[in-house]
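Colleague: sequence below, structure please.
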Amino acid sequence: MGDQDNITSLVEYGTTWLPGSYSTLSDIVDVQFNAILWLSVFGTIGITLVTLYFCFKYKRTKKNQVAEKQIAHNMTVEIIWTVIPFIIVMGIFYWGFRDYLRLMVAPDDALEIRVTGEKWRWYFEYPDTDKRPSDDLVVPVGQAVKLVMSSKDVLHSFFIPNFRVKRDVQPNRYSHLWFEATKLGTFQIFCTEYCGAQHSNMDAKLIVMSRSDFEEWKEAGEDTDTPLPILGKKLYKSKACNACHSIDGSRVIGPTWKNAYGTMRELESGESVLIDDNYLRESIVYPANKIAKGYPNVMNSYAGLLSDREINALIEYIKTLKE
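Modeller: This next block holds a predicted model:
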């Protein structure tokens, strides 16, 4: 971050380490964060200075110096240093609880989107459309959005730094958060709960569009123009296949795709199968049916998450990796 960015961040957000603020909830969080931060900073400085003053004022200066008369009790002072901090703390509590309710309760007209987390990806479903689950969270600007979230495997945590929203995502239950974007752009989504070997790769994009562009996006059909191998290469990253399968021959969580097509693969069952189109399709849709020997059974099914064309695209891409 350059000097100009530091100055801008300091002026807009009160600090130089908070990311940009792009939702209606961000300012609520930032104001409280900065208020508590600077109250703590000046309080610490004040207490430190008073302590140092007393250390020097009442330090021992003579070898046989007798301590001054001690005051055991002062009701006025004790009331002051009890009541004033109590008022400050209760004021912060009231302020925080009031805004906490605003952060937790979504408006009645919020656009509802389903979010599913699984190792190691997010995908997003729009109940009022026929679109397949999306790898990116796409929302309109100026519209309240409510996310209904659950996990298919372990505990995850959904975090959008620029929007100041974060919530745990758990198996077998739903959690919620909401936000309203104030600016167009693309923002980062992270998982902030350690969930396994590829936790650091569990991210996604939040794309904020104008309302007209969002409506067009909802109505848009499947990509039918991109050649299958090129589409497959895109899907390899966007569908998080790269979290478990390498394309350079290196061993990660799952078998490498390099030089895989057309070879025989030994399974945990003791059988061997030919890696052809049918085997690859079955491994994408029903990954637990045939587990490669020496690899864990951790892959989730992509049934319903990929169209036939997308499955074919991945297969064609794998074919291109054969030397």
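Colleague: going forward, measure contacts between C-alpha atoms and count neighbours the same way
Modeller: Fine.
Colleague: which residues in this structure form helices?
Modeller: 3-13, 26-57, 75-104, 211-219, 228-238, 277-285, 308-320 (DSSP state H).
Colleague: deepest-packed of those helices, please.
Modeller: Among those, helix 308-320 has the highest mean neighbour count (mean count of other CA atoms under 10 Å), at a mean of 19.
Colleague: low-confidence bits of the stretch 151-300 of the chain, can you list those?
Modeller: Scanning the stretch 151-300 of the chain for pLDDT under 70 picks out 221-224.
Colleague: need the strands for it, in chain order.
Modeller: 156-160, 165-169, 175-180, 185-191, 203-209, 264-266, 272-274 (DSSP state E, counting those that start in this stretch).
Colleague: and the angle for the fifth one with helix 211-219?
Modeller: Between the axis of strand 203-209 and that of helix 211-219 there is an angle of 130 degrees, by axes from the mean of the first three to the mean of the last three CA atoms, to 10 degrees.
Colleague: related to what we said a few turns ago, got the strands of the stretch 151-300 of the chain as TSV, with mean neighbour count and distance to residue 29 columns?
Modeller: Shown next, in TSV, are the strands of the stretch 151-300 of the chain (neighbours: other CA atoms under 10 Å; distance: least, CA to CA, whole Å):
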stretch	mean neighbour count	distance to residue 29
strand 156-160	21	13
strand 165-169	20	9
strand 175-180	20	12
strand 185-191	18	18
strand 203-209	19	20
strand 264-266	15	53
strand 272-274	15	56
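Colleague: among those, which is nearest residue 93?
Modeller: strand 165-169 (19.5 Å; CA to CA).
Colleague: kindly export that closest one (C-alpha atoms) in CSV.
Modeller: Only the C-alpha atoms of strand 165-169 are listed here, as CSV (Å, rounded to 0.1, in the frame of the first residue of the first chain):
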residue,chain,number,x,y,z
VAL,A,165,-19.7,-9.8,7.6
LYS,A,166,-18.6,-13.2,8.9
ARG,A,167,-20.5,-16.2,10.0
ASP,A,168,-19.7,-19.9,10.8
VAL,A,169,-21.2,-22.4,8.3
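Colleague: elements contacting it?
Modeller: When contacts are defined as 3 or more CA pairs under 8 Å, 6 or more residues apart in numbering; DSSP states H and E, strand 165-169 packs onto strand 144-151, strand 156-160, strand 175-180.
Colleague: one more pass at 10 Å, please.
Modeller: Helices and strands touching strand 165-169, as assessed by 3 or more CA pairs under 10 Å, 6 or more residues apart in numbering; DSSP states H and E, comprise strand 111-118, strand 144-151, strand 156-160, strand 175-180, strand 185-191.
Colleague: distance from the chain centre to that strand, please.
Modeller: On the basis of CA atoms, centre = their mean, to the nearest Å, strand 165-169 sits 8 Å off its chain's mean C-alpha point.
Colleague: quick one: that strand to strand 111-118, angle?
Modeller: 50 degrees.
Colleague: ok, residues contacting strand 165-169?
Modeller: Residues outside strand 165-169 that contact it (CA atoms under 10 Å, 6 or more residues apart in numbering) are 23, 25-26, 29, 103-104, 115-118, 148-152, 154-160, 174-179, 189-193.
Colleague: repeat that for stretch 227-238.
Modeller: For stretch 227-238, using CA under 10 Å, 6+ apart, the contacting residues are 121, 134-136, 204, 223-226, 239, 241-243, 245-247, 306, 309-320.
Colleague: list the beta-bridge partners for residue 171.
Modeller: The partner list for residue 171 in beta bridges (DSSP bridges) reads residue 151.
Colleague: quickly list the domain ranges of this protein.
Modeller: The chain resolves into domains spanning 3-58+72-104, 111-219, 228-320 when parsed by automatic domain parsing.
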